[in-house]
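> Structure, please.
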Amino acid sequence: MARLTEAQITTLESEYREKSRAYDHALENLKATRFQRRMYYLIAFGSMVLTGLLGYTVVIGLWEEKPTFTRWAGLIIVAALWIGAGVMLMHNRKTKVDHTSELRKKLAAKQNAAAALPLDSEAALRIYRESTLELMDAYRIRATRNRRVNNALQALIIAGSIVASTLVAMDNNITPLNLAATILSATVGVGAGLSGYFKFRERGFNLQSTADELEKHYTAVQFRLDEYENVDPSLTPEEGEKERLRRFARLVEKIKEEQRKRELQLEQSPEQQRSQG
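Numbers count the residues shown, from 1 in each chain. Here you go, the predicted structure:
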């Protein structure tokens, strides 16, 4: 394969950036469509519940003291809202399919543009370096999600334990308070079991640590710090930059492999970890 000229590599790099922007735009459109779909589901569910309640009040005549027009108008409005949400869900499904298909096309175009770049070019190595920003964001998002779940479960366990103990102390007979205490105790037990089994806190800590480690190396290679400071003095500036980027790529792959191993360790039982240790 003939070596590409600098102008050809620059053209390919510009094409890759253009495809990346198109892919990011398609991804944002798909995310917005998914959010709208969740809102439509929420509206449809709420309208369905209100329709049932209003229909119940109409049937058994709980609103006899109120004007008939108000009673039926409320029921019709809520039913129309429910039907409208259903229609929007059907329309949104078609839009979601279109956006998903468009996203796949943009991803394929982005991958083809990246594949057109020579592997040994500085542009390809720089693209790999910039792609770690998305990886860092993904790790941080997952870490934040795990922390939120862990905090919610811990709050449930603490608050539920206190409330359950208080209710039991208030009444020892079989009463609604005692029943509520029993339900809370069961909920606390489930929350504690989920927290211990899925290890949300540990997962969040590992993901955040990995993201911080990637950010440290990203900054170091950008400003030529630490292990990226010195390269073979016989290399030209362009070759030296390539060597730094290759070193960065090797370390990133090593960090990703360590993160995968930590995730696998969390999936193992204590007995399996001791046997492997």
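> Could you use CA atoms for every contact and neighbour count after this?
Fine.
> What confidence value was assigned to Leu207?
Residue-level confidence at Leu207 comes out at 91, pLDDT.
> can you map out the helices along the stretch 51-200 of the chain?
68-116, 122-170, 176-198, 200-223 (DSSP state H, counting those that start in this stretch).
> For Gln268, find the nearest of these.
helix 176-198 (10.4 Å; CA to CA).
> Flag every buried residue along the closest one.
Leu177, Asn178, Ala181, Thr182, Leu184, Ser185, Thr187, Val188, Gly189, Gly191, Ala192, Ser195 (16 or more other CA atoms under 10 Å).
> And for stretch 217-232?
His217, Tyr218, Ala220, Val221, Tyr228.
> Same list (the residues you listed) but as TSV, adding pLDDT and distance to Glu263.
Output for the buried residues of stretch 217-232, formatted as TSV (pLDDT from 0 to 100; distance: CA to CA, whole Å):
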residue	pLDDT	distance to Glu263
His217	91	21
Tyr218	88	23
Ala220	89	26
Val221	87	27
Tyr228	87	29
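> of these, closest to Tyr56?
Tyr218 (61.9 Å).
> nearest spatial neighbour of the closest one, skipping sequence neighbours?
Leaving aside its sequence neighbours, Tyr218 sits nearest to Arg129 (CA to CA, 6 or more residues apart in numbering; 7.2 Å).
> now do Lys110
Lys19 (5.0 Å).
> is it true that that neighbour touches Ala108?
No: the pair Lys19 / Ala108 is not scored as a contact, 9.3 Å apart, by CA atoms under 8 Å.
> which one of these two has more residues nearby?
Counted by other CA atoms under 10 Å, Lys19 and Ala108 do not tie: Lys19 has more neighbours, with 21 against 14.
> Now do the contacts for that one.
Lys106, Ala109, Lys110, Ala113 (CA atoms under 8 Å, 6 or more residues apart in numbering).
> Need the per-residue pLDDT for it.
pLDDT, read off for Lys19, is 80.
> Is it within a helix or a strand, and which one?
helix 6-60 (DSSP states H and E).
> same question, Ala249
helix 237-267.
> tell me which strands and helices that helix is in contact with?
helix 122-170, helix 200-223 (3 or more CA pairs under 8 Å, 6 or more residues apart in numbering; DSSP states H and E).
> Outline the domain layout of the protein.
9-117, 118-277 (automatic domain parsing).
> between the ones you listed, which gets the lowest average pLDDT?
Among the domains of the chain, domain 9-117 scores lowest, at a mean of 75.
> ok, residues contacting stretch 153-165?
Ala180, Ala181, Thr182, Leu184, Ser185, Thr187, Val188, Gly189, Gly191, Ala192, Ser195.
> Which residue is the nearest non-sequential neighbour of the fifth one?
Okay, so that is Ser185. That would be Ala164: by CA to CA, 6+ apart, it lies 6.1 Å from Ser185.
> tally of neighbours for that neighbour?
Neighbours of Ala164 (other CA under 10 Å): 22.
> cool, Arg129 as well?
Arg129: 20 neighbours (other CA under 10 Å).
> pretty sure it contacts Leu245?
Yes: the criterion here is CA under 8 Å, and Arg129 meets it with Leu245 at 7.3 Å.
> Could you tell me which residues touch both of those two?
Contacts common to Arg129 and Leu245, judged by CA under 8 Å, 6+ apart, are absent.
> circling back: for Leu135, see how far away the residue nearest to Tyr218 is.
Relative to Leu135, Arg129 is positioned 10 Å away (criterion: CA to CA, to the nearest Å).
> returning to that earlier point: just put the helices of the stretch 51-200 of the chain in a markdown table and tack on distance to Tyr40.
Output for the helices of the stretch 51-200 of the chain, formatted as a markdown table (distance: least, CA to CA, whole Å):
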| stretch | distance to Tyr40 |
| --- | --- |
| helix 68-116 | 6 |
| helix 122-170 | 23 |
| helix 176-198 | 30 |
| helix 200-223 | 30 |
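> Of those helices, which is nearest Ala7?
Closest among the helices of the stretch 51-200 of the chain, using CA to CA: helix 122-170, at 11.9 Å.
> now the angle from the closest one to helix 176-198?
Using axes from the mean of the first three to the mean of the last three CA atoms, to 10 degrees, the direction of helix 122-170 lies 150 degrees away from that of helix 176-198.
> Please compute how far helix 122-170 lies from its chain's middle.
Between the centre of helix 122-170 and the centre of its chain there are 10 Å (CA atoms, centre = their mean, to the nearest Å).
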